[in-house]
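>>> Quick one: sequence and predicted model below, then my questions.
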Amino acid sequence: MTRCRIARVLVAAALLAAGMASAEDGPTRIPINVLVTHLSNEGVGIDPPARLLDNKLKQQFRYDSLQVIQKQRLTLALDEVGKVDLPNGKAVRMRPIHKGEEGVLMAVDVEGAAQLDVRVKSRHPVVIRAGPYKDGSLVLSLELDY
């Protein structure tokens, strides 16, 4: 190999290593699926996209209708605040505080309804009541997707 070619290989390797180091040193991005649902006794049944959530909620709340109102996916860094506007005019703010083997500890503030720190695990939704809405209640489901 010629000196010029060796120099190019070394420069390419250094650039590759620098790029890998910056990606590793950068902020951890946390994908969060937010599902906003409306619980009521309207008699319209369970929305098919909410069937899995229904299994969890039916032990905690009384309702005969569960309708998905909005789905949103946020990707947040640790200590970054994400916001979701709710259909009742309020908002929910969430901030990942710590990521570990047991999931992500998140600070959650549902305007006018709840403030809590909760540990969210991958593929295990956490359910939070988000206040009244129309003739029922709004319920949030937070789930990590990784």
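Structure received.

>>> for the chain, what helix or strand is lowest in average pLDDT?
helix 3-25 (a mean of 48; mean pLDDT, DSSP states H and E).

>>> Name the nearest residue to Leu142, ignoring sequence neighbours.
Leaving aside its sequence neighbours, Leu142 sits nearest to Val126 (C-beta to C-beta, 6 or more residues apart in numbering; 4.9 Å). Every C-beta, even on glycine, is put in place using the N, C-alpha and C of the backbone.

>>> got a list of what that neighbour touches?
118, 120, 141-143 (C-beta atoms under 8 Å, 6 or more residues apart in numbering).

>>> Just list whatever residues bridge to the residue nearest the centre of the chain.
Centroid check for the chain by C-alpha atoms, centre = their mean gives Ile32 as the closest residue, at 2.0 Å. Beta-bridge pairing for Ile32 (DSSP bridges): Leu74, Leu144.

>>> so it sits right up against Arg73, yeah?
Yes. Assessed by C-beta atoms under 8 Å, Ile32 is found in contact with Arg73 at 7.0 Å.

>>> Quickly list what's touching both of the two.
Asp145.

>>> from the middle of its chain, how far away would stretch 77-95 be?
Going by C-alpha atoms, centre = their mean, to the nearest Å, the spacing between the C-alpha centre of stretch 77-95 and its chain's C-alpha centre is 10 Å.

>>> Could you give the average pLDDT over that stretch?
The average pLDDT for stretch 77-95 rounds to 96.

>>> send the alpha carbons of it over as CSV?
This file holds the C-alpha atoms of stretch 77-95, laid out as CSV (Å, rounded to 0.1, in the frame of the first residue of the first chain):
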residue,chain,number,x,y,z
ALA,A,77,-34.1,13.0,25.1
LEU,A,78,-33.5,12.7,28.8
ASP,A,79,-34.7,15.9,30.5
GLU,A,80,-36.5,17.1,27.4
VAL,A,81,-40.1,18.2,27.9
GLY,A,82,-42.7,16.9,25.4
LYS,A,83,-46.2,18.2,25.2
VAL,A,84,-49.5,16.8,23.9
ASP,A,85,-52.6,19.0,23.6
LEU,A,86,-55.7,17.2,24.8
PRO,A,87,-59.2,17.5,23.3
ASN,A,88,-60.5,19.0,26.6
GLY,A,89,-58.3,22.1,26.1
LYS,A,90,-55.7,21.0,28.6
ALA,A,91,-52.2,19.6,27.9
VAL,A,92,-50.0,16.9,29.2
ARG,A,93,-46.3,17.5,29.6
MET,A,94,-43.9,14.6,30.1
ARG,A,95,-40.1,14.5,30.7
